[in-house]
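Colleague: Turn this into a model:
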Amino acid sequence: MSLSITQHTLEKLENLLKDFGYKVRYEKGNFKTGFCIIETSKMVVINKFSNLESKINALAELIKGLELEDSHLSDKQKQFYYSLKQTKLQF
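Modeller: The predicted model follows:
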């Protein structure tokens, strides 16, 4: 699976994180990786000045690195989550 660089893909990634209990915010920042995660509050902050591809890659990279409990996800969300976990990201 490769991720298409569309607004829809970004929304799917945001929704997946929200279903895992994370809040996604877009703020200005000087962090270079594209995102910052505040573990204790389950908040993800994305650099709002990043382009669409960088935002998608940052969220996908973050999701791939988290071990999350998926029992409450819909079948469609589970399928997206597991296909994402197996996707090789290209930067």
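Colleague: At which residues are the strands of this protein located?
Modeller: 23-27, 35-38, 43-47 (DSSP state E).
Colleague: tell me the mean pLDDT over the second one?
Modeller: For strand 35-38, the per-residue pLDDT values average out at 69.
Colleague: picking that back up, winner for burial among the strands of the chain?
Modeller: strand 43-47 (a mean of 19; mean count of other C-beta atoms under 10 Å). For the C-beta atoms, the positions are set from N, CA and C on the backbone; glycine is no exception.
Colleague: Run the angle between that one and strand 23-27 for me.
Modeller: 30 degrees (axes from the mean of the first three to the mean of the last three C-alpha atoms, to 10 degrees).
Colleague: Spatially, which residue comes closest to Leu59, not counting chain neighbours?
Modeller: Leu13 (4.1 Å; C-beta to C-beta, 6 or more residues apart in numbering).
Colleague: At the geometric centre of this protein, which residue sits there?
Modeller: With distances taken as C-alpha atoms, centre = their mean, Leu59 lies nearest the centre of the chain, 2.6 Å away.
Colleague: Alright, I will stop here.
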